[in-house]
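[1] here are the coordinates; sequence isn't available:
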Ligand code: ADP
Ligand code: MG
Ligand code: ZN
């Protein structure tokens, strides 16, 4: 049986976070009542003319720079002609021969290996409006023009991906970068980050690519992976049964758990691209490009690497904490405050904060696009870990205090005080408690005297129980050993 290798190239449409549309002043907010964000330009009324949105073009340049693309100082808007009710002009304004961003790349990690995926181009275009298909006897299709004219970047990858896992890793990484630079809100559910997956297979060892199917508009990472896996298996089945794969557009049906044909190559559009005569070429000076490059924030991969180097964070924790811009900011703020308050070195401080945030805080964090809500302020985490550092409480109690912080919003030191959680470092009190326990446990004391030193664990457990975990463990150990030897 022939072994096949998948070949995958992705086209991603990402909405840019511009307040207004690409060629008019209508707002781009999601979720407004239908057809309230429209004007003669985005409704294509006769005589209306487009005016390019400089902010959107700058965001697209930043997307290009973050993905190491060659940014063109001169690019051209083109008309992509086709007829559909969600496209009132009868053409979409896009870029064709001269896109804003040329070749770039993105490095992904799969199974611990880094692989470079080529980016063919990133161009700017406007989104179409939205058809809303009714159902039932009186089914009609309604059109909501609010989305029509929203600024998009289309990011086209080279056919460098070789598995569904690689495709998913590429998409996640791409989304993270676009979110960190503030170009996209990463909201797949609201359709602001959508993917078309081109999939083909070829016999292992063959240079030439096989015929591809294009899987349209998949809007979740999980579906992308499933859709690609199923498509690879479908094409293998076709070839193994002596058939040929035809070039076509398919769609993923989650209900049926398979890809379904939408249209074949014969029905494909001829878009008759030509430069839009209503729009001058897009000019972005070299100085402007350099200024935009300088304004780019630190990207997640760079943060991950720096946190490991400078803050002693583990690769795993760094990966988790750099997964969302707000979480990254939270971690950095908590670390900075902890360093300031405790006087610790970055390397010790960062590791501790990363550990606590990753293990405790993240469970209570919810994200919605670029927004995130946290159970407590970063300063409160710094204060809590500071109390551990000073020996006021131990790590176990810190988790207890944190739970109360989440519930009540009170400051850690207030909770420690109110609930009497400070470690008992009063050696007199600890000694008294230990004497009481030793008196009550003659058989365990005898065992200790017989050389069964592991009964120490039993005594420590008793002391901790009696002091509700608040005794300073170091003091307990010292006093316990001293008193046992006196017995
Ligand atoms: P179109 O706009 O018609 O979809 P492109 O030639 O620009 O076409 O290709 C779009 C995407 O398809 C790119 O991401 C590219 O990497 C990918 N691609 C091209 N050929 C193949 C192939 N044989 N198998 C898988 N992906 C492919
Ligand atoms: Mg395509
Ligand atoms: Zn408008």
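    Here it is on my side, so go on. Owing to the predicted nature of the structure, the values given are computational and were not obtained by experimental measurement. Ligands and ions are numbered 1, 2, ... in the order given.

[2] what distance do you get for residue 468 to residue 392?
    15 Å (Cβ to Cβ, to the nearest Å). The way it works is simple: take the backbone N, C-alpha and C, and place the C-beta from them, glycine included.

[3] run through who's touching whichever helix in the chain runs longest.
    If each helix of the chain is counted by residues according to DSSP state H, the longest one is helix 221-240. For helix 221-240, contacts defined as Cβ atoms under 8 Å, 6 or more residues apart in numbering pick out 1-2, 4, 6, 8, 164-165, 167-168, 171-172, 188, 195, 197, 199-201, 210, 213, 215, 218, 244-245, 250, 252, 254, 257-259.

[4] filter those residues down to the ones near ligand 1?
    Filtering the contacts of helix 221-240 for proximity to ligand 1 (criterion: Cβ under 6 Å from any ligand atom) leaves 8, 199, 200.

[5] need phi/psi at the first one.
    If I follow you right, that is residue 8. Torsion angles at residue 8 (phi, psi; degrees, to the nearest 10) stand at phi -130, psi 140.

[6] one more: the last one?
    Comment: the main-chain dihedrals of residue 200 come out as phi -140, psi 170, following degrees, to the nearest 10.

[7] and the helix or strand that comes right after the longest helix of the chain, which strands flank it?
    From helix 221-240 onward toward the C-terminus, using DSSP states H and E, the following helix or strand is strand 248-253. If you go by DSSP bridges, strand 248-253 pairs up with strand 213-218 (parallel), strand 258-264 (antiparallel).

[8] how about residue 483, secondary structure?
    Of the three states, residue 483 takes helix under DSSP: H, G, I helix; E, B strand; the rest coil.

[9] next, count neighbours for residue 297.
    Around residue 297 there are 14 other residues, counting by other Cβ atoms under 10 Å.

[10] so what's the residue in the stretch 201-350 of the chain positioned nearest to ligand 3 up against?
    Closest residue of the stretch 201-350 of the chain to ligand 3, Cβ to the ion: residue 278 (14.8 Å). By Cβ under 8 Å, 6+ apart, the contact set of residue 278 is 49, 50.

[11] please identify the helix or strand for it.
    Short version: residue 278 belongs to no helix or strand, going by DSSP H and E.

[12] start the count at 57 instead of 1 going forward.
    Sounds good: first residue 57 from here, last item residue 334.

[13] mean confidence (pLDDT) on the longest strand belonging to the chain, please.
    Longest strand in the chain, counting residues (DSSP state E): strand 169-182. The predicted model assigns strand 169-182 a mean pLDDT of 98.

[14] now the helices for the stretch 307-456 of the chain?
    For the stretch 307-456 of the chain, helices defined by DSSP state H, counting those that start in this stretch occupy the ranges 342-350, 356-367, 371-377, 381-398, 402-412, 434-445, 451-464.

[15] and those helices as TSV, adding mean neighbour count and distance to residue 89?
    What follows is these, written out as TSV (neighbours: other Cβ atoms under 10 Å; distance: least, Cβ to Cβ, whole Å):
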stretch	mean neighbour count	distance to residue 89
helix 342-350	13	35
helix 356-367	18	36
helix 371-377	18	39
helix 381-398	20	29
helix 402-412	20	44
helix 434-445	22	38
helix 451-464	16	37
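
[16] give me the buried entries from the contacts of helix 277-296.
    Buried members of the contacts of helix 277-296, counted by 16 or more other Cβ atoms under 10 Å: 60, 62, 64, 220, 223-224, 227, 244, 251, 253, 255-257, 266, 269, 271, 274, 301, 306, 308, 315.

[17] what about residue 156, neighbour count?
    Using other Cβ under 10 Å, residue 156 has 25 neighbouring residues.

[18] what do you get for residue 172?
    Using other Cβ under 10 Å, residue 172 is surrounded by 11 other residues.

[19] contacting residues around it?
    161, 162, 163, 216.

[20] make it 7 Å
    Residue 172 sits next to 161, 163 when contact means Cβ atoms under 7 Å, 6 or more residues apart in numbering.

[21] beta partners of it?
    Under the criterion used (DSSP bridges), residue 172 bridges to residue 163.

[22] so residue 67 sits in a strand?
    Yes. Under three-state DSSP, residue 67 sits within a strand.

[23] identify each buried residue in the longest strand of the chain, please.
    Under the neighbour-count criterion of 16+ other Cβ under 10 Å, strand 169-182 has 171, 173, 175, 176, 177, 178, 179, 180, 181, 182 buried.

[24] max pairwise distance over those residues: which two?
    Within the buried residues of strand 169-182, 171 and 182 form the most distant pair, 32.9 Å apart (Cβ to Cβ).

[25] tell me the pLDDT of the residue of the chain found nearest ligand 1.
    Residue of the chain nearest ligand 1, by Cβ to the nearest ligand atom: residue 65 (2.2 Å). pLDDT, residue 65: 98.

[26] out of everything not next to it in sequence, what's closest to it?
    residue 215 (3.8 Å; Cβ to Cβ, 6 or more residues apart in numbering).
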